[in-house]
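K.L.:
3D model of this:
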Amino acid sequence: MPVVKAEALSAWSQGALVAAGVRADHAALVANSLVAANLRGVDSHGIHLLASYLDQIAAGDVDPVATGEVVSESGGCLVYDGKNGLGQVVSDICVTQAIRLAEAHGIAIVTARESNHFGSAAWWARRMAETGKIGLAFCNASPIVAPWQGKEGRFGTNPICMAVPVGRREPWLLDMATTTVAANRIFKAYNNREPEIPAGWAMDKDGIPTTDTDAAYAGLLMPLGGYKGSGLAMMVEILCGVLSGGAMATELGGLRYRGKPFRASQTFLAIDVMRMQPEFRDRIDWLIEEVKSAAPAAGFEEVLVANEPELRMERHRREHGLPIPDGTWAGLMKSAGVFGVVAMDSAESARME
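P.N.:
Next up, the predicted model:
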């Protein structure tokens with residue numbers, strides 16, 4: 001299994017995107033957002049996605065140079081049309097707009113349609129939190145999740161993410177799919193030929209729960225908590241697809257589809273906490289400390305809050321490098337090779353000693 005320094009992987013990925021026709025600054029944005037997910041241990045939204053992005057560009061399903069345009073703006077509300085551009089490019093523009101509008105109005109909601117996969121939602125919520133806002137990010141996705149009591153896909157994994165500005169402590173950041181796991185966890189297992197996945201992750205094409213990776217790949221994801229997860233997925237669909245005027249449910253494509261644009265929608269909400277609570281940072285610090293002060297249950301050494309495991313993983317991987325499964329590595333090099341990109345393992349310093 002290759003183990004690569006984050007900086008080397010990001011630089012190579014940027015080169016691959018530029019070779020595919022992506023503007024240099026946009027390539028840096030996409031590559032850095034993916035590598036950041038790997039650093040945090042969220043490999044499902046890390047560099048393995050680059051292969052799908054490159055395949056989409058090669059197939060003509062994504063416009064590598066599109067930046068989109070504002071459809072409407074009214075007070076703290078803005079609607080954006082991504083024009084089938086890269087999801088990170090569209091989202092970067094929308095988050096910048098959300099920050100601007102929240103500073104002017106105290107609260108802002110920006111929703112984009114006709115976008116693509118935007119990587120990890122945490123990247124965008126954290127950007128808003130770094131400017132002193134509560135940042136929330138949502139997106140709809142490929143219809144690979146059946147509604148509760150159904151066996152046909154209607155929803156995506158439709159994540160919910162919230163990042164909070166803090167004072168003395170590490171940031172609090174929750175990023176979760178409305179399915180038991182993110183779809184890319186199953187795609188990653190499939191690409192790396194892992195024969196089984198944990199129970200409760202997926203159903204086969206007939207709606208029967210399965211642990212077989214191949215059956216799960218061809219089947220459907222399980223909603224988080226049954227009907228509750230199904231309701232949350234529809235809530236996100238309303239906030240994204242319905243509100244933006246974009247594609248909904250079965251109208252969406254996806255990373256695995258060719259000959260069809262993804263047509264994803266994203267929504268970003270920014271709240272200027274100082275407008276409501278000047279002592280917000282001290283209060284959130286107190287709350288985090290109060291939660292962590294709970295006695296740990298049997299088998300655990302401490303109580304962790306959202307974002308702590310990821311931050312610890314990031315510190316470890318910055319020092320020791322990013323492990324990339326062989327299947328992911330091979331797929332990435334193959335997709336990049338379509339654009340004449342030299343395989344990373346042929347370059348000096350691509351792998352760690």
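
K.L.:
Domain ranges for the chain, per the record?
P.N.:
1-59+321-353, 68-179+223-310 (automatic domain parsing).

K.L.:
Where does pLDDT dip in the chain?
P.N.:
345-353 (pLDDT under 70).

K.L.:
Mind giving me the packing neighbours of the lengthiest helix in it?
P.N.:
If you go by DSSP state H, the chain has its longest helix at helix 87-105. Applying 3 or more Cβ pairs under 8 Å, 6 or more residues apart in numbering; DSSP states H and E, we find helix 87-105 packed against helix 24-39, strand 77-81, strand 107-115, helix 121-129, strand 133-139, strand 264-272. Using the backbone N, CA and C atoms, a C-beta is placed for each residue, glycine as well.

K.L.:
Any buried residues in the second one, and which?
P.N.:
Residues 78-81 are the ones in strand 77-81 that count as buried (16 or more other Cβ atoms under 10 Å).

K.L.:
Dump stretch 176-192 to PDB, restricted to CA.
P.N.:
Extracted in PDB, the C-alpha atoms of stretch 176-192 (Å, rounded to 0.1, in the frame of the first residue of the first chain):
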ATOM      1  CA  MET A 176     -22.700  13.000   8.700                       C
ATOM      2  CA  ALA A 177     -24.600  11.300   5.900                       C
ATOM      3  CA  THR A 178     -28.300  10.600   6.400                       C
ATOM      4  CA  THR A 179     -27.400   6.900   5.600                       C
ATOM      5  CA  THR A 180     -25.600   4.500   8.000                       C
ATOM      6  CA  VAL A 181     -22.400   5.300   6.100                       C
ATOM      7  CA  ALA A 182     -21.400   7.500   3.200                       C
ATOM      8  CA  ALA A 183     -21.800   5.800  -0.300                       C
ATOM      9  CA  ASN A 184     -18.100   6.200  -0.900                       C
ATOM     10  CA  ARG A 185     -17.300   3.800   1.900                       C
ATOM     11  CA  ILE A 186     -19.000   1.100  -0.100                       C
ATOM     12  CA  PHE A 187     -17.400   2.300  -3.400                       C
ATOM     13  CA  LYS A 188     -14.000   2.200  -1.800                       C
ATOM     14  CA  ALA A 189     -14.600  -1.300  -0.500                       C
ATOM     15  CA  TYR A 190     -15.700  -2.400  -3.900                       C
ATOM     16  CA  ASN A 191     -12.700  -0.800  -5.700                       C
ATOM     17  CA  ASN A 192     -10.300  -2.400  -3.300                       C
END
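
K.L.:
Identify the residues contacting Leu39.
P.N.:
6, 313-314, 317-318, 322 (Cβ atoms under 8 Å, 6 or more residues apart in numbering).

K.L.:
Return the member of those nearest to Leu49.
P.N.:
Leu322 (13.8 Å; Cβ to Cβ).

K.L.:
what residue is smack in the middle of the protein?
P.N.:
Ser120 (2.1 Å; Cα atoms, centre = their mean).

K.L.:
Tell me who's in contact with it.
P.N.:
33, 36-37, 40, 42, 45, 175.

K.L.:
ok, the residue nearest to Ala146 when sequence neighbours are not counted to Gly82 distance?
P.N.:
If the residues on either side of it in the chain are set aside, Ala146 comes closest to Leu220, at 5.0 Å by Cβ to Cβ, 6 or more residues apart in numbering. In this view, Leu220 and Gly82 are 27 Å apart by Cβ to Cβ, to the nearest Å.
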